[in-house]
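Engineer: can you look at this prediction? I've put the sequence above it.
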Amino acid sequence: MGEAPAFFADSLLGDFPNGVDLKSKGHKTAICIGSKIYVIGGADHESTAVIGVQIFEKSSGEWINPTVLGTKPKVSNGHSAVLLNGDRILVIKGNSKSDGCFWFLEVGTPFIREQEKTHGNEVVAWSKGVLGNVKKPIVISGPSGVGKGTLISELMKEFPSMFGFSVSHTTRAPREKEQNGFHYHFSDCSVMEREIKDGKFLEFASVHGNLYGTSVEAVEVVADAGKRCILDIDVQGARSVRASSLDAIFIFISPPSFEELEKRLRARATETEEQIQKRLRNARAELEQGKSSGLFDHILVNDDLESCYENLKNILGLTEGVKTAHKTYPELVDLPVEHLVSKTDQKILINCGAGEYQKASDNMYVLDLSLLKGGAPGRTRGLNLFVTNPSTDRVNVDNQLS
Ligand SMILES: Nc1ncnc2c1ncn2[C@@H]1O[C@H](COP(=O)(O)OP(=O)(O)OP(=O)(O)O)[C@@H](O)[C@H]1O
Ligand SMILES: Nc1nc2c(ncn2[C@@H]2O[C@H](COP(=O)(O)O)[C@@H](O)[C@H]2O)c(=O)[nH]1
């Protein structure tokens with residue numbers, strides 16, 4: 001149970017006209033979902049730099065400090081909040097640019113329900129809203145030595161501005177030419193176990209006797225750079241990603257034969273005999289699962305490297321002449337502190353000339369949420385923002401809201 005915010009729960013039920021399902025006072029907003037009132041604003045109880053969240057449970061009259069996961073938004077002069085689908089709240093920070101003003105607070109999504117089982121406490125999770133879209137990440141799996149890394153290197157070499165590699169964490173020792181932060185983030189077992197508990201990883205698995213994991217950040221930094229992310233992970237990891245909010249394409253690379261796989265692994269000469277034996281034992285299980293689980297969208301046999309690479313490019317729609325990424329981000333706009341929000345279906349109307357400050361020339365923005373992707377613990381992507389002027393674009397607004 002936490003300390004109450006600086007106003008009483010009853011006052012939350014007053015009529016503050018600041019958006020849909022929204023009651024606000026000062027820099028706090030309140031959204032009611034069932035028996036709970038989520039109070040967003042002020043400082044977090046652990047850090048004064050980020051926006052706090054508290055929950056008022058109406059049935060017991062108690063205040064709860066939930067476990068707050070995800071990237072938290074910095075405190076701002078003011079914000080508005082809108083409930084979406086009953087399980088997440090859109091928070092629009094005023095006085096910020098459109099690449100940093102949209103945030104989502106998840107309160108009842110499948111991810112939150114899973115986390116509540118682990119934490120044994122109320123959980124909420126922030127994710128930053130990102131305008132525009134990037135193409136689906138690509139998960140590449142297959143037994144050790146099949147050629148995943150070789151194929152990925154070819155892609156990155158031919159299309160450097162299009163693809164980015166998700167740099168995993170691992171507890172295995174670096175090989176001779178491997179660089180920390182480039183090939184892997186090399187980590188201690190105790191550090192990585194603590195970070196797993198803290199929710200830093202999208203997925204993790206014990207592979208060939210070591211821990212490996214993809215951090216949420218490893219995937220998001222690639223997408224933030226406008227690139228398509230490639231993950232090189234084992235089959236257990238692929239299964240976890242399938243169950244996560246990351247909408248990806250799953251490709252399994254298979255060897256032409258088990259003998260050829262063994263030959264490649266030995267020729268690479270990076271493992272001891274004992275490790276080779278372990279990897280080969282695991283390869284049998286991975287081949288079984290990879291081919292029969294229905295987990296993978298595509299299975300590619302890496303016999304001749306050149307033709308396998310061509311097949312991979314075909315799957316990814318990389319025909320001749322496609323060399324660069326297409327960025328589709330809208331131009332940045334400034335959202336003022338004073339704004340009104342209203343919601344129709346999957347669209348949010350943001351009126352930037354709110355109340356007494358309204359001028360005929362003030363712009364309205366329409367935030368389209370119909371193509372939302374992802375969410376906590378990563379980013380929420382696929383937001384589209386249209387600008388419109390109420391005095392000249394009446395028809396336009398109506399169309400965009402319908
Ligand atoms: N089609 C191919 N024909 C012959 N050799 C290949 C082929 N593809 C890759 N190789 C070689 O096989 C070895 C293993 O390849 P690579 O390191 O890319 O495998 P990997 O699947 O990434 O393995 P790991 O999962 O252990 O990281 C390398 O020496 C590579 O040059
Ligand atoms: N589940 C995960 N598996 C991973 C990750 N990073 C790499 N891997 C897989 O581990 C094996 C061994 O890799 P190696 O570099 O030691 O040869 C290989 O199959 C990789 O695909 C990860 O983040 N998560």
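Structural biologist: Perfect, thanks for sending it. Numbering: from 1, shown residues only. Ligands and ions are numbered 1, 2, ... in the order given.
Engineer: for the stretch 101-250 of the chain, which residues are neighbours of ligand 2?
Structural biologist: Counting by Cβ under 6 Å from any ligand atom, the residues of the stretch 101-250 of the chain close to ligand 2 are 144, 148, 168, 172, 203, 205, 207-208, 212-214, 232-234, 236-237. In short, each C-beta sits where N, CA and C put it, glycine included.
Engineer: helices - which of these land there?
Structural biologist: Among those, the members falling in helices (DSSP state H) are 148, 236-237.
Engineer: any low-confidence regions in this structure?
Structural biologist: Filtered on pLDDT under 70, the chain yields the residue ranges 1-26, 44-45, 320-331, 354-362, 389-402.
Engineer: what are the boundaries of the helices in it?
Structural biologist: Here the chain has its helices, by DSSP H, at 9-12, 110-119, 148-158, 189-197, 216-224, 235-242, 258-268, 273-292, 305-315, 394-401.
Engineer: if we can go back for a sec, who wins on neighbours among the residues of the stretch 101-250 of the chain next to ligand 2?
Structural biologist: T214 (28 neighbours; other Cβ atoms under 10 Å).
Engineer: so which of the helices of the chain comes closest to L69?
Structural biologist: helix 110-119 (6.4 Å; Cβ to Cβ).
Engineer: what comes up buried for the closest one?
Structural biologist: With burial defined by 16 or more other Cβ atoms under 10 Å, the residues of helix 110-119 counted as buried are 111-112, 115-116.
Engineer: what's next to it, contact-wise?
Structural biologist: Helix 110-119 is contacted by residues 67, 69, 87, 106, 122-125, 199, 244-245, 375-377 when judged by Cβ atoms under 8 Å, 6 or more residues apart in numbering.
Engineer: at 6 Å what do you get?
Structural biologist: 67, 106, 123, 376 (Cβ atoms under 6 Å, 6 or more residues apart in numbering).
Engineer: next one: that helix to chain centre, how far?
Structural biologist: Distance, stretch centre to chain centre, for helix 110-119: 16 Å (Cα atoms, centre = their mean, to the nearest Å).
Engineer: could you give the angle of that helix to helix 189-197?
Structural biologist: Angle of helix 110-119 versus helix 189-197, following axes from the mean of the first three to the mean of the last three Cα atoms, to 10 degrees, is 130 degrees.
Engineer: how deep is the closest residue to S47 other than its chain neighbours tucked in, by neighbour count?
Structural biologist: Distances taken as Cβ to Cβ, 6 or more residues apart in numbering put K72 closest to S47, at 7.8 Å, once the chain neighbours are dropped. For K72, the count of nearby residues is 20 (other Cβ under 10 Å).
Engineer: for G52, see how far away K72 is.
Structural biologist: 9 Å (Cβ to Cβ, to the nearest Å).
Engineer: one more: S307?
Structural biologist: In terms of Cβ to Cβ, S307 sits 56 Å off from G52.
Engineer: and L105, by the same measure?
Structural biologist: On the measure of Cβ to Cβ, L105 and G52 end up 11 Å apart.
Engineer: and if you look at K128?
Structural biologist: From K128 over to G52 the distance is 17 Å, taken as Cβ to Cβ.
Engineer: same thing with T67?
Structural biologist: Applying Cβ to Cβ, the value for T67 to G52 is 13 Å.
Engineer: so which of the two has more stuff around it?
Structural biologist: Using other Cβ under 10 Å, the more surrounded residue of T67 and G52 is G52, with 21 against 16.
Engineer: return the nearest residue of the stretch 1-150 of the chain with respect to ligand 2.
Structural biologist: For the stretch 1-150 of the chain and ligand 2, the shortest gap (Cβ to the nearest ligand atom) falls at S144, measuring 5.0 Å.
Engineer: who in the protein is up against ligand 1?
Structural biologist: 142, 144-150, 264, 267-268, 302, 305, 308.
Engineer: try it again at 5 Å.
Structural biologist: Residues of the chain lying close to ligand 1 (Cβ under 5 Å from any ligand atom) are 144-150, 264, 268, 302, 305.
Engineer: kindly supply the ChimeraX command isolating those of these that are buried.
Structural biologist: The buried subset of the residues of the chain next to ligand 1, as determined by 16+ other Cβ under 10 Å, is captured in ChimeraX by this line:
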select :144,145,146,147,148,264,302
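Engineer: what's near enough to touch the closest residue to ligand 2 within the stretch 101-250 of the chain?
Structural biologist: Proximity of the stretch 101-250 of the chain to ligand 2 (Cβ to the nearest ligand atom) peaks at G237, 2.4 Å away. Going by Cβ under 6 Å, 6+ apart, G237 touches 203, 205.
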